[in-house]
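J.: predicted model and sequence follow; I will ask about them next.
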Amino acid sequence: MSAELPLPRLSYFHARGLAEKIRLLLAEAGVEYEYRDLGLYDAKAKVKTPEFEAIKATGILAFDKVPLWEETDGFCVVQSKAVLRHIARTRNLFGANDREATACDMIIDSVEEVSARALGLTSLDPDQLSEQLPLVLGEELPNWLRMFERFIAKNHGGEGFFVGDRVSVADTMVFGMLEMLVDNGLMEVIESYPRLRAFFTRMQQRPNIARWLADPKRFPPVQLLNG
Ligand SMILES: N[C@@H](CCC(=O)N[C@@H](CS)C(=O)NCC(=O)O)C(=O)O
């Protein structure tokens, strides 16, 4: 445990990265928190940033990586998906019962799979990218979107949320994934999936989410296709 804090605190680098799905969830939950900015991340640098190295040196990061989430009583969580689940569970955004929580887990893990594939594109050189893009954009992405469309369609005809009768971490996760696609000029791909398209708009209009989307403190979107 670390010292007591006036507000919960999220620590991460100066980027959306692995923390953005947590920020979206915190926004929907209306949680007030402090953001500790650890500077610009360079994956290849030996010393990531002085701010990161300083936190790491305290031993507070169980696995020497961020994001780190600290509750006001000093309880610490690392591993972005554990942070997500902890926040969702403790702020009533993890479904109404165990089965809904499991459905949320299914969505969390699927969004992670798509995101890992998409983020993998950022480390490709231009030749590799032009080889991979037709496969990703022409086959893999439409296939994933078709399955997300099918998933939401099974819950009240796709007119509400991904899981159950109220908003959950499943919704903020899918919204974050769709937003990443839209930010990279791929709105056209989403247009083919009417329920996902409508879900995206509904989420954009939720007051707490809308406030976060317009917040000048937000970092710029990740550029997937610049390789
Ligand atoms: N599985 C972890 C991965 C965390 C991770 O790789 N964090 C990177 C920043 S995106 C980090 O802290 N890197 C510091 C280092 O490698 O020294 C999670 O989801 O939180």
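T.: Good, I have the coordinates.
J.: name the residues that touch the helix or strand hosting Phe148?
T.: Applying DSSP states H and E as the criterion places Phe148 in helix 141-153. Contacts with helix 141-153, where a contact means C-beta atoms under 8 Å, 6 or more residues apart in numbering, come from 107, 110, 114, 158, 161-162, 174, 181, 186, 189-190, 192-196, 199. Using the backbone N, CA and C atoms, a C-beta is placed for each residue, glycine as well.
J.: now intersect those residues with the helices, please.
T.: With helices taken from DSSP state H, the overlap with the contacts of helix 141-153 comprises Ile107, Ser110, Val114, Val174, Leu181, Val189, Ile190, Pro194, Arg195, Leu196, Phe199.
J.: what subset of those residues is buried?
T.: Taking 16 or more other C-beta atoms under 10 Å as the criterion, what is buried in the ones in helices among the contacts of helix 141-153 is Ile107, Ser110, Val114, Val174, Leu181, Val189, Ile190, Arg195, Leu196, Phe199.
J.: check those residues against the ligand, which are close?
T.: Taking C-beta under 6 Å from any ligand atom as the test, the ligand is in contact with none of these.
J.: where is pLDDT lowest across those?
T.: Minimum pLDDT across those is recorded for Val189, with 92.
J.: got the contact list for that residue?
T.: Applying C-beta under 8 Å, 6+ apart, the residues contacting Val189 are Leu137, Leu141, Pro142, Leu145, Leu181.
J.: emit the PyMOL select command for whichever of these are buried.
T.: The buried residues among the contacts of Val189 can be selected in PyMOL (16+ other C-beta under 10 Å) with this line:
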select buried, resi 141+145+181
